[in-house]
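>>> Prediction below, plus the sequence it came from.
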Amino acid sequence: MIAFLATFLALQATAPELAAPHYPAMAFRGGNVAAIIEAGKRSSGITILYADEPYREPVVETLSRWPKDKPTLIVVNFKSWPDMDNVENGIKLKPAIRKIDCPQKNRSLPVPRVIVDPMMPDPLLGDVYGSIILRLRVSEFGAVKDVDIVQGVEEYNGVVIEAARQWKFLPARNEAGDSVESEAYGICVYRLLNAR
(Lines give C-alpha, C1' and ligand atoms only; values in the text may rest on other atoms or scores of the structure.)
Protein backbone atom coordinates (compact mmCIF):
# COMPACT_ATOMS: atom_id res chain seq x y z
CA MET A 1 0.00 0.00 0.00
CA ILE A 2 2.79 2.45 0.89
CA ALA A 3 4.66 1.62 -2.34
CA PHE A 4 1.47 2.22 -4.37
CA LEU A 5 0.87 5.57 -2.65
CA ALA A 6 4.48 6.66 -3.23
CA THR A 7 4.25 5.74 -6.94
CA PHE A 8 0.91 7.57 -7.27
CA LEU A 9 2.29 10.74 -5.65
CA ALA A 10 5.42 10.61 -7.84
CA LEU A 11 3.28 10.35 -10.97
CA GLN A 12 1.11 13.24 -9.80
CA ALA A 13 4.18 15.40 -9.20
CA THR A 14 5.62 14.69 -12.67
CA ALA A 15 2.34 14.90 -14.64
CA PRO A 16 2.37 18.21 -16.52
CA GLU A 17 -0.54 20.48 -15.74
CA LEU A 18 -1.93 22.09 -18.85
CA ALA A 19 -1.76 25.85 -18.49
CA ALA A 20 -4.22 28.26 -20.08
CA PRO A 21 -3.23 31.65 -21.50
CA HIS A 22 -4.04 34.82 -19.60
CA TYR A 23 -6.59 37.33 -20.85
CA PRO A 24 -4.58 40.32 -22.17
CA ALA A 25 -5.11 43.41 -20.02
CA MET A 26 -5.72 45.72 -22.99
CA ALA A 27 -8.20 43.42 -24.79
CA PHE A 28 -11.80 44.58 -24.68
CA ARG A 29 -13.39 42.21 -27.18
CA GLY A 30 -13.28 38.44 -27.39
CA GLY A 31 -11.53 36.49 -30.11
CA ASN A 32 -10.08 33.15 -31.13
CA VAL A 33 -6.73 31.51 -31.78
CA ALA A 34 -6.16 28.13 -33.48
CA ALA A 35 -2.70 26.59 -33.10
CA ILE A 36 -0.87 23.31 -33.55
CA ILE A 37 1.70 22.07 -31.08
CA GLU A 38 4.35 20.34 -33.19
CA ALA A 39 5.74 17.09 -31.78
CA GLY A 40 9.36 16.96 -30.67
CA LYS A 41 10.27 20.54 -31.53
CA ARG A 42 13.01 22.17 -29.45
CA SER A 43 11.93 25.76 -30.10
CA SER A 44 8.42 26.91 -29.28
CA GLY A 45 7.04 24.27 -31.65
CA ILE A 46 3.82 26.25 -32.16
CA THR A 47 2.21 26.84 -35.55
CA ILE A 48 -0.51 29.49 -35.53
CA LEU A 49 -3.31 28.70 -38.00
CA TYR A 50 -5.53 31.64 -37.06
CA ALA A 51 -5.28 34.47 -34.54
CA ASP A 52 -7.34 37.47 -33.57
CA GLU A 53 -5.14 40.13 -31.98
CA PRO A 54 -4.04 40.75 -29.25
CA TYR A 55 -4.44 37.07 -28.31
CA ARG A 56 -1.63 35.46 -30.33
CA GLU A 57 1.23 36.27 -27.93
CA PRO A 58 -0.28 34.87 -24.70
CA VAL A 59 -1.33 31.70 -26.55
CA VAL A 60 2.13 31.07 -28.03
CA GLU A 61 3.78 31.75 -24.66
CA THR A 62 1.48 29.32 -22.84
CA LEU A 63 1.36 26.53 -25.41
CA SER A 64 5.16 26.47 -25.68
CA ARG A 65 5.06 24.92 -22.17
CA TRP A 66 2.57 22.17 -23.13
CA PRO A 67 3.86 18.60 -23.73
CA LYS A 68 5.10 18.05 -27.27
CA ASP A 69 4.77 14.28 -27.52
CA LYS A 70 2.40 14.37 -30.54
CA PRO A 71 0.98 17.00 -32.90
CA THR A 72 -2.06 18.53 -31.21
CA LEU A 73 -4.64 21.09 -32.32
CA ILE A 74 -5.66 23.64 -29.69
CA VAL A 75 -8.50 26.12 -30.19
CA VAL A 76 -8.58 29.02 -27.72
CA ASN A 77 -11.73 31.11 -27.31
CA PHE A 78 -11.39 34.39 -25.40
CA LYS A 79 -14.76 35.48 -24.03
CA SER A 80 -15.46 38.80 -22.38
CA TRP A 81 -18.67 39.72 -20.59
CA PRO A 82 -20.54 42.02 -21.00
CA ASP A 83 -18.66 43.38 -24.05
CA MET A 84 -19.06 40.30 -26.21
CA ASP A 85 -22.61 39.26 -25.43
CA ASN A 86 -24.85 39.78 -28.41
CA VAL A 87 -27.35 42.27 -26.95
CA GLU A 88 -30.20 44.11 -28.65
CA ASN A 89 -32.53 46.46 -26.77
CA GLY A 90 -31.20 45.13 -23.48
CA ILE A 91 -32.04 41.49 -24.35
CA LYS A 92 -29.29 38.86 -24.65
CA LEU A 93 -29.50 37.14 -28.01
CA LYS A 94 -27.84 33.91 -29.11
CA PRO A 95 -24.08 33.68 -28.49
CA ALA A 96 -21.71 34.98 -31.15
CA ILE A 97 -20.94 32.46 -33.89
CA ARG A 98 -17.57 33.10 -35.51
CA LYS A 99 -16.46 31.57 -38.78
CA ILE A 100 -12.70 31.28 -38.98
CA ASP A 101 -10.63 30.47 -42.04
CA CYS A 102 -7.39 28.64 -41.44
CA PRO A 103 -5.35 26.15 -43.47
CA GLN A 104 -5.10 22.44 -42.76
CA LYS A 105 -1.33 22.23 -42.36
CA ASN A 106 -1.45 18.76 -40.82
CA ARG A 107 -4.08 16.51 -42.43
CA SER A 108 -4.07 14.16 -39.44
CA LEU A 109 -5.58 16.96 -37.30
CA PRO A 110 -8.98 18.63 -37.56
CA VAL A 111 -9.23 22.34 -38.39
CA PRO A 112 -11.77 24.67 -36.75
CA ARG A 113 -14.31 26.34 -39.04
CA VAL A 114 -17.01 27.66 -36.67
CA ILE A 115 -16.51 28.69 -33.03
CA VAL A 116 -19.52 29.50 -30.83
CA ASP A 117 -18.93 31.72 -27.80
CA PRO A 118 -20.32 30.39 -24.52
CA MET A 119 -23.22 32.32 -22.96
CA MET A 120 -21.45 33.07 -19.69
CA PRO A 121 -23.63 33.80 -16.67
CA ASP A 122 -23.36 37.13 -14.91
CA PRO A 123 -20.47 37.19 -12.44
CA LEU A 124 -21.67 36.49 -8.93
CA LEU A 125 -19.15 38.56 -7.00
CA GLY A 126 -16.86 41.18 -8.49
CA ASP A 127 -14.73 40.68 -11.59
CA VAL A 128 -13.93 37.08 -12.51
CA TYR A 129 -11.07 35.82 -14.69
CA GLY A 130 -10.54 32.16 -15.42
CA SER A 131 -10.23 29.36 -17.92
CA ILE A 132 -11.61 25.95 -18.75
CA ILE A 133 -9.63 23.35 -20.71
CA LEU A 134 -11.54 20.77 -22.75
CA ARG A 135 -10.61 17.62 -24.62
CA LEU A 136 -12.73 17.34 -27.77
CA ARG A 137 -13.52 14.23 -29.80
CA VAL A 138 -14.20 15.37 -33.39
CA SER A 139 -16.21 13.04 -35.64
CA GLU A 140 -15.30 12.07 -39.18
CA PHE A 141 -17.93 14.61 -40.28
CA GLY A 142 -16.33 17.52 -38.36
CA ALA A 143 -18.87 17.73 -35.53
CA VAL A 144 -17.86 17.67 -31.87
CA LYS A 145 -18.86 14.20 -30.74
CA ASP A 146 -17.72 14.32 -27.13
CA VAL A 147 -16.36 16.89 -24.66
CA ASP A 148 -14.39 16.13 -21.49
CA ILE A 149 -13.35 18.71 -18.91
CA VAL A 150 -9.59 18.52 -18.32
CA GLN A 151 -9.48 21.54 -15.98
CA GLY A 152 -12.61 23.46 -15.18
CA VAL A 153 -14.60 25.79 -12.99
CA GLU A 154 -17.80 24.17 -11.77
CA GLU A 155 -20.01 27.25 -12.16
CA TYR A 156 -19.08 27.71 -15.84
CA ASN A 157 -18.33 24.17 -17.11
CA GLY A 158 -21.87 23.59 -18.42
CA VAL A 159 -22.10 26.68 -20.62
CA VAL A 160 -18.62 26.09 -22.05
CA ILE A 161 -19.41 22.45 -22.87
CA GLU A 162 -22.69 23.52 -24.49
CA ALA A 163 -20.86 26.02 -26.72
CA ALA A 164 -18.03 23.59 -27.62
CA ARG A 165 -20.56 20.97 -28.76
CA GLN A 166 -21.62 23.49 -31.46
CA TRP A 167 -18.10 24.03 -32.83
CA LYS A 168 -17.54 22.76 -36.39
CA PHE A 169 -14.32 21.41 -37.88
CA LEU A 170 -12.87 20.31 -41.16
CA PRO A 171 -12.26 16.66 -40.21
CA ALA A 172 -8.86 15.00 -39.92
CA ARG A 173 -7.81 12.59 -42.68
CA ASN A 174 -5.86 9.35 -42.67
CA GLU A 175 -3.05 8.48 -45.11
CA ALA A 176 -5.61 7.24 -47.66
CA GLY A 177 -7.34 10.64 -47.54
CA ASP A 178 -10.47 9.38 -45.75
CA SER A 179 -12.10 11.49 -43.03
CA VAL A 180 -11.50 10.05 -39.56
CA GLU A 181 -12.33 10.78 -35.93
CA SER A 182 -9.70 12.82 -34.13
CA GLU A 183 -8.92 14.66 -30.92
CA ALA A 184 -8.30 18.34 -30.22
CA TYR A 185 -8.19 20.61 -27.19
CA GLY A 186 -10.32 23.66 -26.57
CA ILE A 187 -9.65 26.40 -24.03
CA CYS A 188 -12.17 29.02 -22.96
CA VAL A 189 -10.45 31.99 -21.35
CA TYR A 190 -13.03 34.31 -19.88
CA ARG A 191 -13.16 37.70 -18.27
CA LEU A 192 -16.48 38.42 -16.57
CA LEU A 193 -16.85 42.01 -15.46
CA ASN A 194 -19.45 42.78 -12.84
CA ALA A 195 -21.52 45.74 -14.00
CA ARG A 196 -21.67 47.58 -10.70
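That came in fine, so what should we check first?

>>> Which residue is the nearest non-sequential neighbour of residue 139?
Spatial nearest neighbour of residue 139, chain neighbours left out: residue 145 (4.4 Å); criterion: CB to CB, 6 or more residues apart in numbering. Placement of C-beta: from N, CA and C, glycine included.

>>> Secondary structure class of that neighbour, three-state.
Taken by DSSP: H, G, I helix; E, B strand; the rest coil, the conformation at residue 145 corresponds to strand.

>>> can you count the residues close to it?
The local packing of residue 145 (other CB atoms under 10 Å) involves 14 other residues.

>>> Same question for residue 170.
17.

>>> For it, give me the pLDDT.
Reading off the confidence values, residue 170 has pLDDT 97.

>>> Return the residues in contact with it.
104, 110-113, 142 (CB atoms under 8 Å, 6 or more residues apart in numbering).

>>> swap the cut-off to 7 Å and go again
104, 110-111, 113, 142 (CB atoms under 7 Å, 6 or more residues apart in numbering).

>>> Pass me the low-pLDDT residue ranges in the protein, would you?
Within the chain, the ranges that satisfy pLDDT under 70 run 1-16, 41-44, 81-95, 122-126, 194-196.

>>> Show me the strands in it, by range?
Using DSSP state E, the strands of the chain run over 31-37, 46-51, 72-81, 87-88, 91-92, 97-99, 111-116, 128-138, 144-151, 168-170, 172-173, 179-180, 182-192.

>>> Those strands: which one's closest to residue 59?
Of all those, it is strand 31-37 that lies closest to residue 59, at 4.5 Å by CB to CB.

>>> what comes up buried for the closest one?
Buried residues in strand 31-37, counted by 16 or more other CB atoms under 10 Å: 31-37.

>>> which residues does residue 102 contact?
Going by CB under 7 Å, 6+ apart, the list of residues near residue 102 reads 34, 49-50, 111-112.

>>> now residue 191
For residue 191, the contacting residues are 23, 80, 129, by CB under 7 Å, 6+ apart.

>>> And the nearest residue to the last one once chain neighbours are set aside, how far from residue 26?
Distances taken as CB to CB, 6+ apart put residue 191 closest to residue 129, at 5.3 Å, once the chain neighbours are dropped. Taking CB to CB, to the nearest Å as the measure, residue 191 falls 12 Å from residue 26.
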